[in-house]
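A.B. asks: How does the following fold in three dimensions:
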Amino acid sequence: MFESARVRTLWELVEYRAEASRGAPMFFDGDGRTVTFDEVRDQALRAAAGFRELGIGPGTRVAWQLPTRIETVIASLALARLGAVQTPVVHLHREREVRFILAESAAEYVLVPGTWRGFDYTAMVRKVAADGVRVISVEGGLPEGDPAGVPDAVPGGEDRGSGGGGGDDHSDGGGGSGSGRTTWIYYTSGTTSAPKGVEHTDASLVAGGVGLATALGMSAADIGSIAFPYAHIAGPDYVIAMLVSGFPAVVLDTFQPGAAAEVYRRRGVTMAGGSTAFYQAFLDESRRRAGGGKLIPSLRLLSGGGAPLPPELYAAAGRELDCAIVHGYGMTECPMIAMGTPYDSDEQLARTVGKPVVGARVRIVRADGTEAGTGESGEVTLKGAMLFRRYTDPALTAEAFDADGYFHTGDLGHLRQDGHLVLTGRLKDIIIRKGENISAQEIEDLVHAHPAVAEAAVIGLPDRERGERVCAVVTLADPAAPPLTLAALTGHLRAAGLMTQKLPEQLEIVAELPRGGPLNKVLKGVLRERYAG
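C.D. replies: Residues are numbered from 1 along each chain as shown. This is a model prediction of the structure:
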């Protein structure tokens, strides 16, 4: 029986499950391949040996920008075995984001897929990486070597002395892997233009995965799915839940609802999802198959997070797909905060994000910092072993934690009498599109640079397919000139290196932006109300 208290590193969990479920499948892919838990362990050991021969070892800073494949998971497990400091980069990122991430994380090696889906990742990374950074294409497969040459496992990675917070940990329970050293650095968009570096340990990721596994209650008889970017914090969170509970998953490098549903039917997937956008996509696909029977007959559970779940979508998707929907709440800084369970009522699942997961302590605070009462709205703050260690920027770390060590999420909500958490809004000016955080300010800065634009405000608007869509509201530098078009604006943003995921889907031209307050700030709430329809 799995005992989470005895596991501090990801590799310990891999070893445990490889022996406990020897011969049992861990991964399926869309091409019919099956890899067992012990085969994953063995392949990761060979890859670790190959990486070691390339000079990667404890504390080596390795970024990787790879699609969601079985080999990507194996590569990350191999790096974990070596004690490297990993920086996963979502495959959608392009020059602007990748240049910043590689420089800020001080990456020494970068793993890329070569050319994938018509895009040359090797050329891009070589263009933006600093001199001396080694770019390794795994297009032909992962490097391999003799596992006997891999040194004993190390308890953690390098302590990045240049990072925020010195040696202090800000998570409850010590928050480190063994010695409490950083082994993962994720980047997330926030209220500033530059992404924020979020330092995690193996132990914090394992704690998050244990929280997810406990809430979902999956068993070896279930089959899950990973069709979202594995480079997202949800990637290891999900894989750790698999290692804890012993269930396999289908891995797809591209999510196309019809094709995914076909593979899921063939493999007998019992749990699917990823975010609200996935629920909507499966609902739409099911409706297109009118009269064709249940979209995925084996499906009993849709799960995910990353964006609000409208009660109307909960009801429609649950009814049409004939399954339960359990939604959760997490973020890059804390991969698992709250999660619904299959045992919750429809009302709890439709109106809340579930109870705080095992090991997470949530406290709602008023504007003055005092704790709010049950049912009273305030900012969501939290502690727990799954909480990140620190930001790479010490100033951000100092701002994010209060005197009691609670992390301020920037989200608004309240705890109900039944212990379930309800989210009601955000203090942070971010847009959540298909589960990904997008900084409004980053886009605004680039929109402002267009010669036709005088002022700009970027907002998120409700969207049934994306969760939120990106809308740019601008005033023109010369109102007498031909009006700016959406195509011209997105062309300008593409030329500036902005990734497709962040491009506005809507452009509104106004005579002036609504402003108010002592600092005459743009009233984005007014704009959201104006254009939400």
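A.B. asks: Quickly list the domain ranges of the chain.
C.D. replies: 8-26+35-147, 206-426, 430-531 (automatic domain parsing).
A.B. asks: Include mean neighbour count and distance to residue 185 when you put these into JSON lines, please.
C.D. replies: To be clear about C-beta, it is placed using only N, CA and C from the backbone, and glycine gets the same treatment. Output for the domains of the chain, formatted as JSON lines (neighbours: other CB atoms under 10 Å; distance: least, CB to CB, whole Å):
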{"stretch": "domain 8-26+35-147", "mean neighbour count": "20", "distance to residue 185": "5"}
{"stretch": "domain 206-426", "mean neighbour count": "20", "distance to residue 185": "7"}
{"stretch": "domain 430-531", "mean neighbour count": "17", "distance to residue 185": "16"}
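A.B. asks: Out of these, which gets nearest to residue 153?
C.D. replies: domain 8-26+35-147 (5.5 Å; CB to CB).
A.B. asks: okay, how far is it across that closest one, tip to tip?
C.D. replies: End-to-end span of domain 8-26+35-147 (CA to CA, to the nearest Å): 22 Å.
A.B. asks: The domains of the chain into TSV, with extra columns for distance to residue 180 and mean pLDDT?
C.D. replies: Output for these, formatted as TSV (distance: least, CB to CB, whole Å; pLDDT from 0 to 100):
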stretch	distance to residue 180	mean pLDDT
domain 8-26+35-147	10	97
domain 206-426	7	94
domain 430-531	26	90
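A.B. asks: With distance to residue 181 added, can I get those domains in CSV?
C.D. replies: Shown next, in CSV, are the domains of the chain (distance: least, CB to CB, whole Å):
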stretch, distance to residue 181
domain 8-26+35-147, 8
domain 206-426, 9
domain 430-531, 26
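A.B. asks: Which one, of those domains, ends up nearest to residue 184?
C.D. replies: Comparing those by CB to CB, domain 8-26+35-147 comes nearest, at 5.3 Å.
A.B. asks: quick one: residue 349 and residue 339 touch, right?
C.D. replies: No - if you go by CB atoms under 8 Å, residue 349 and residue 339 don't touch, sitting 10.6 Å apart.
A.B. asks: Now do the shared contacts for these two.
C.D. replies: 326, 327 (CB atoms under 8 Å, 6 or more residues apart in numbering).
A.B. asks: separation between the residue of the chain most remote from its centre and residue 509?
C.D. replies: Distance from the centre of the chain peaks at residue 480, with 43.9 Å (CA atoms, centre = their mean). Here residue 480 is placed at a distance of 13 Å from residue 509 (CB to CB, to the nearest Å).
A.B. asks: how close does residue 217 sit to residue 344?
C.D. replies: Applying CB to CB to residue 217 and residue 344 gives a distance of 11 Å.
A.B. asks: would you say residue 326 is within a strand?
C.D. replies: Yes - membership of residue 326 in a strand is supported by DSSP: H, G, I helix; E, B strand; the rest coil.
A.B. asks: ok, it - contacts?
C.D. replies: Counting by CB under 8 Å, 6+ apart, residue 326 has contacts 215, 216, 301, 302, 303, 339, 340, 341, 342, 344, 349, 354.
A.B. asks: Spatially nearest residue to the first one, not counting backbone neighbours?
C.D. replies: Read that as residue 215. Spatial nearest neighbour of residue 215, excluding adjacent residues (CB to CB, 6 or more residues apart in numbering): residue 339 at 3.8 Å.
A.B. asks: Likewise for the third one?
C.D. replies: Spatial nearest neighbour of residue 301, chain neighbours left out: residue 271 (4.3 Å); criterion: CB to CB, 6+ apart.
A.B. asks: Test my guess that that neighbour contacts residue 221.
C.D. replies: No - the criterion here is CB under 8 Å, and residue 271 misses it with residue 221 at 11.3 Å.
A.B. asks: ranges for the helices of the stretch 101-250 of the chain?
C.D. replies: With helices called from DSSP state H, counting those that start in this stretch, the stretch 101-250 of the chain shows them at 121-128, 202-216, 234-245.
A.B. asks: returning to that earlier point: reformat the contacts of residue 326 as JSON lines; add secondary structure and distance to residue 92.
C.D. replies: Converted to JSON lines, those look like this (DSSP: H, G, I helix; E, B strand; the rest coil; distance: CB to CB, whole Å):
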{"residue": "215", "secondary structure": "helix", "distance to residue 92": "28"}
{"residue": "216", "secondary structure": "helix", "distance to residue 92": "27"}
{"residue": "301", "secondary structure": "strand", "distance to residue 92": "27"}
{"residue": "302", "secondary structure": "strand", "distance to residue 92": "23"}
{"residue": "303", "secondary structure": "strand", "distance to residue 92": "22"}
{"residue": "339", "secondary structure": "strand", "distance to residue 92": "26"}
{"residue": "340", "secondary structure": "coil", "distance to residue 92": "28"}
{"residue": "341", "secondary structure": "coil", "distance to residue 92": "31"}
{"residue": "342", "secondary structure": "coil", "distance to residue 92": "32"}
{"residue": "344", "secondary structure": "coil", "distance to residue 92": "33"}
{"residue": "349", "secondary structure": "helix", "distance to residue 92": "30"}
{"residue": "354", "secondary structure": "coil", "distance to residue 92": "28"}
